[in-house]
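K.L.:
Have a look at this prediction, sequence included:
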Amino acid sequence: MDAKNSTKSPLLIQGVYYIITGVWPIMHITSFIQISGPKIDLWLVKTVGALIGTIGVAQLIHYFNKKVYLTLEIAFLSIASAVSLGFIDVYYTAIDRIWDAYLFDAVAQAVILLMWAVHFVRLK
């Protein structure tokens, strides 16, 4: 890993995770429903998956761009996405709107946020 990529290292893990979790309901909705619970609007599940996957692709494009250091925009997108998805996971699980399996994703989002925190502490 070169010096420029080491300044944006959380992007790699978050980007790969978002691509995998975003593509999953698009590629195999049956297994996604078996794990996450029944869904009414499959088009909406696939739309959210496409958006999460798109964020992951943007993160990896930025990560592998050798000319660009971490920008405020991509850092904000990454952190805000993790906060938003984690909040949705916890809130809607707490009110019994979605299955508890989403709490695994909430933990993953918390780990991503911790990686970002460690990353910014190291930059000081």
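P.N.:
Received the coordinates, thanks.
K.L.:
what helix or strand is the most centrally placed residue in the chain on?
P.N.:
Central residue of the chain (Cα atoms, centre = their mean): residue 18, 4.1 Å from the mean position. For residue 18, the host element (DSSP states H and E) is helix 10-27.
K.L.:
Please state the offset of that helix from the chain centre?
P.N.:
6 Å (Cα atoms, centre = their mean, to the nearest Å).
K.L.:
For it, C-alpha coordinates in CSV please.
P.N.:
Extracted in CSV, the C-alpha atoms of helix 10-27 (Å, rounded to 0.1, in the frame of the first residue of the first chain):
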residue,chain,number,x,y,z
PRO,A,10,-11.0,2.6,5.7
LEU,A,11,-12.4,3.1,2.2
LEU,A,12,-11.1,-0.3,1.1
ILE,A,13,-12.9,-2.4,3.8
GLN,A,14,-16.1,-0.3,3.7
GLY,A,15,-16.2,-0.3,-0.1
VAL,A,16,-15.9,-4.0,-0.3
TYR,A,17,-18.5,-4.6,2.4
TYR,A,18,-21.0,-2.2,0.8
ILE,A,19,-20.5,-3.8,-2.6
ILE,A,20,-21.1,-7.3,-1.2
THR,A,21,-24.1,-6.3,0.9
GLY,A,22,-25.5,-4.1,-1.8
VAL,A,23,-25.3,-6.7,-4.6
TRP,A,24,-26.6,-9.6,-2.5
PRO,A,25,-30.3,-8.8,-2.7
ILE,A,26,-30.0,-8.0,-6.4
MET,A,27,-28.2,-11.3,-7.2
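K.L.:
Can you give the contact residues for it?
P.N.:
5, 31-32, 45-46, 48-60, 62-63, 70, 74, 78, 81-82, 105, 108, 112, 115-116, 119 (Cβ atoms under 8 Å, 6 or more residues apart in numbering). Backbone N, C-alpha and C define where each C-beta goes, glycine included.
K.L.:
Quick one: residues contacting residue 111.
P.N.:
Residue 111 neighbours (Cβ under 8 Å, 6+ apart): none.
K.L.:
before we move on, back to that, which residues make contact with the following helix or strand past the helix holding residue 18 from outside it?
P.N.:
As assigned by DSSP H and E, the chain's next helix or strand after helix 10-27 is helix 29-36. Helix 29-36 is contacted by residues 24, 25, 39, 42, 45, 46, 98, 99, 101, 102 when judged by Cβ under 8 Å, 6+ apart.
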